[in-house]
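Colleague: Fold the following for me, if possible:
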Amino acid sequence: MALGVPRVVHPNNCFSATMVVNQLESLALQVTGWKGTNFFLKASRLTALTLTNMGFDDIPDLPWDQIQSCIYEMLLDAEIDILQSVPPNSLFIARGIPPPLPPSSLHISSNIKEFNVGVNADVWSVSYQLHDCLTLPCLESYGIFPSLHMEPPVFCSEHFLAFADRSAFAEHLLRLSIHPVVTGAELILCLKALPLLQELVVYEHGSGSDHAISDDVLQCLVYKKDDSGSSLIPSLKFLDLTSDVNFTDSKYLEMICSRVERMKVVGQLEFRANLWRSWGTVPERDVSALLVGIDEMIRKGGLVFHSDLGT
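Modeller: The predicted structure follows:
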């Protein structure tokens, strides 16, 4: 049994039947005023929880030891140290958080498995300090992006790599999604530290030589059949790029072809790839040859591809 509590209901009068809470398996809350409420401690079957627009102080008493999935959404004013209160090994998704700058002395360790964080770019160092204060030793998926209507934050490989090393990302991180300003050289450095990565999403911001999706990056992503550890993220299964298409067609096609062939060798059905144009932009060059090459690979099988370049 699943229960969603509407935002207009007050906790003091929303439930009367004990039988309801005894059957409860999934709970979604999006109202404040639950602090100190122990009603849900009786929910012996409750395993899935979704909390929307709530501070941690608004959360009722819950049977945390049995919660298997905890989703936190749109905590617009949340303090980042709420991560320390999350139960071990739960799935914690934090969407759209612009955290206040954590104190330099603060260090947060959490066993969350998924963390997507929105940061404010008006404070240029916020992503640096966020990475400096976190250790996430069980993380499988990480995403960093600008908060709503904000410019993209600056991404620094040095701070991210220290965060990745502290959290042992080389042993368990499977998905990375980055939307900040990052150079191709910095992106390569970061990917070298993530050998188990299976999904990569990059939204490119930059100009001139600062493009994150460059020929050098694409060349490093080519899977080599006689691989001896030289290929970046050899287990890649999904690649989603948003770009101004400032790269060479042949480099992109070579990379995609190598990944499709690698999937066939390991017995996987398909490689998935998306290529989108950066918001509000139109490619400054002809991309017809690129799309023809992709179509040929799709016909041969093993590639699922989506793009808006032909529109």
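
Colleague: rest of the way, CA atoms for contacts and neighbours
Modeller: OK.

Colleague: which helix is the longest one in this protein?
Modeller: What stands out as the longest helix in the chain, according to DSSP state H, is helix 249-265.

Colleague: Against which helices or strands is that helix packed?
Modeller: helix 215-221, strand 271-277, helix 288-300 (3 or more C-alpha pairs under 8 Å, 6 or more residues apart in numbering; DSSP states H and E).

Colleague: could you give the angle of the second one to helix 249-265?
Modeller: Which is strand 271-277. 160 degrees (axes from the mean of the first three to the mean of the last three C-alpha atoms, to 10 degrees).

Colleague: do the longest one as well
Modeller: Interaxial angle of helix 288-300 relative to helix 249-265 (the same axes, to 10 degrees): 10 degrees.

Colleague: contact partners of the helix or strand just after helix 288-300?
Modeller: Per DSSP states H and E, helix 288-300 leads on to strand 303-307 as the next helix or strand towards the C-terminus. Residues outside strand 303-307 that contact it (C-alpha atoms under 8 Å, 6 or more residues apart in numbering): 260, 270-276, 294, 297-298.

Colleague: now with 7 Å?
Modeller: For strand 303-307, contacts defined as C-alpha atoms under 7 Å, 6 or more residues apart in numbering pick out 260, 270-276, 297-298.

Colleague: same deal with stretch 186-198?
Modeller: Residues outside stretch 186-198 that contact it (C-alpha under 7 Å, 6+ apart) are 157, 161, 169-175, 212, 217, 232-238.

Colleague: Report the helix or strand with the lowest average pLDDT across this protein.
Modeller: Sorting the helices and strands of the chain by mean pLDDT, DSSP states H and E puts strand 2-5 at the bottom, at a mean of 50.

Colleague: Show me where this structure has its strands.
Modeller: Remark: strands assigned in the chain by DSSP state E are 2-5, 26-29, 48-52, 69-73, 91-95, 108-109, 114-119, 134-135, 141-146, 175-178, 199-203, 238-243, 271-277, 303-307.

Colleague: hmm, back to that, could I get the contacts of strand 303-307 as JSON lines with distance to Pro195 and neighbour count?
Modeller: Output for the contacts of strand 303-307, formatted as JSON lines (distance: C-alpha to C-alpha, whole Å; neighbours: other C-alpha atoms under 10 Å):
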{"residue": "Val260", "distance to Pro195": "18", "neighbour count": "24"}
{"residue": "Glu270", "distance to Pro195": "20", "neighbour count": "18"}
{"residue": "Phe271", "distance to Pro195": "18", "neighbour count": "22"}
{"residue": "Arg272", "distance to Pro195": "18", "neighbour count": "19"}
{"residue": "Ala273", "distance to Pro195": "19", "neighbour count": "21"}
{"residue": "Asn274", "distance to Pro195": "21", "neighbour count": "15"}
{"residue": "Leu275", "distance to Pro195": "23", "neighbour count": "16"}
{"residue": "Trp276", "distance to Pro195": "25", "neighbour count": "17"}
{"residue": "Met297", "distance to Pro195": "26", "neighbour count": "18"}
{"residue": "Ile298", "distance to Pro195": "27", "neighbour count": "14"}
